[in-house]
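**Q** the following block contains a protein sequence and its predicted model.
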Amino acid sequence: MDLRIRTALRTDVPKINEILNYAIENTNYNLNLNARSSEDAYAWFDSHVKEDYPVVTAVIDSQVVGWASLSHFRAYSGYDTTAEVSVYVERGFRHKGIGTMLLTELERRAKRFHMLIAVITDNNTASLSLHSRCGFIPVCTLREIAFKNKEYISITLMNKKL
Ligand SMILES: CC(C)(COP(=O)(O)OP(=O)(O)OC[C@H]1O[C@@H](n2cnc3c(N)ncnc32)[C@H](O)[C@@H]1OP(=O)(O)O)[C@@H](O)C(=O)NCCC(=O)NCCS
């Protein structure tokens, strides 16, 4: 298996969006209620490139099987020293260490930030384990802060000081 983690290309955007939309449409791990359009996915990618927020992909034999990114945590400039982590691995490729590799590479590219933060739904044991394993610490749980698929959802914030 020839697995590489590399900088995401604009041509990766459709596959990145497909992996994201699977989570939106089939799980409570992502709290969007509606799939992200292709237009919005390109806008998301272009703004990351423009603002130098990293997006990386895991590629096996030139096929994208996962991605990770850093994004603005909140839209107030006082938070610019913090970045929010996203990491997604395609079904069928999970539990093989790819999430860990993506997060490790993202952190290598996060030198300008002081703090990384992950916002994780309480039922997402895989993501909680992944972030713990990579040195993130649970900070707090916001109970029933969101509503999706007919239930209130709690989220746990985990952070890692760089
Ligand atoms: C979370 C996710 C990215 C993990 O990716 P992955 O490639 O499976 O992760 P790894 O193989 O590197 O495993 C990392 C840790 O997670 C644990 N893990 C992975 N899948 C798991 C599962 N289904 N249940 C429990 N733990 C799991 C592993 O055991 C490992 O921890 P450990 O070795 O200390 O036991 C992947 O499950 C995923 O894409 N989930 C859907 C999208 C998502 O929830 N993204 C995060 C939003 S906050």
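**A** Everything's here; your move.

**Q** alongside the ligand, which residues does the chain contribute?
**A** Neighbours of the ligand within the chain, by Cβ under 6 Å from any ligand atom: 23, 29, 87-89, 94-100, 118, 120, 124-127, 129-130, 133. All C-beta spots, glycine's among them, are computed from the backbone N, C-alpha and C.

**Q** wait, what's in contact with His82?
**A** Not quite, residue 82 is Thr, not His. 73, 113-117 (Cβ atoms under 8 Å, 6 or more residues apart in numbering).

**Q** make that Gly66, sorry
**A** 19, 57-58, 87-90, 93, 98-99, 102.

**Q** out of those residues, list just those in helices.
**A** Per DSSP state H, helices hold the following members of the contacts of Gly66: 19, 98-99, 102.

**Q** reformat those residues as a markdown table; add distance to Asp52.
**A** Putting the ones in helices among the contacts of Gly66 into a markdown table (distance: Cβ to Cβ, whole Å) gives the following:
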| residue | distance to Asp52 |
| --- | --- |
| Ile19 | 23 |
| Ile98 | 24 |
| Gly99 | 23 |
| Leu102 | 18 |
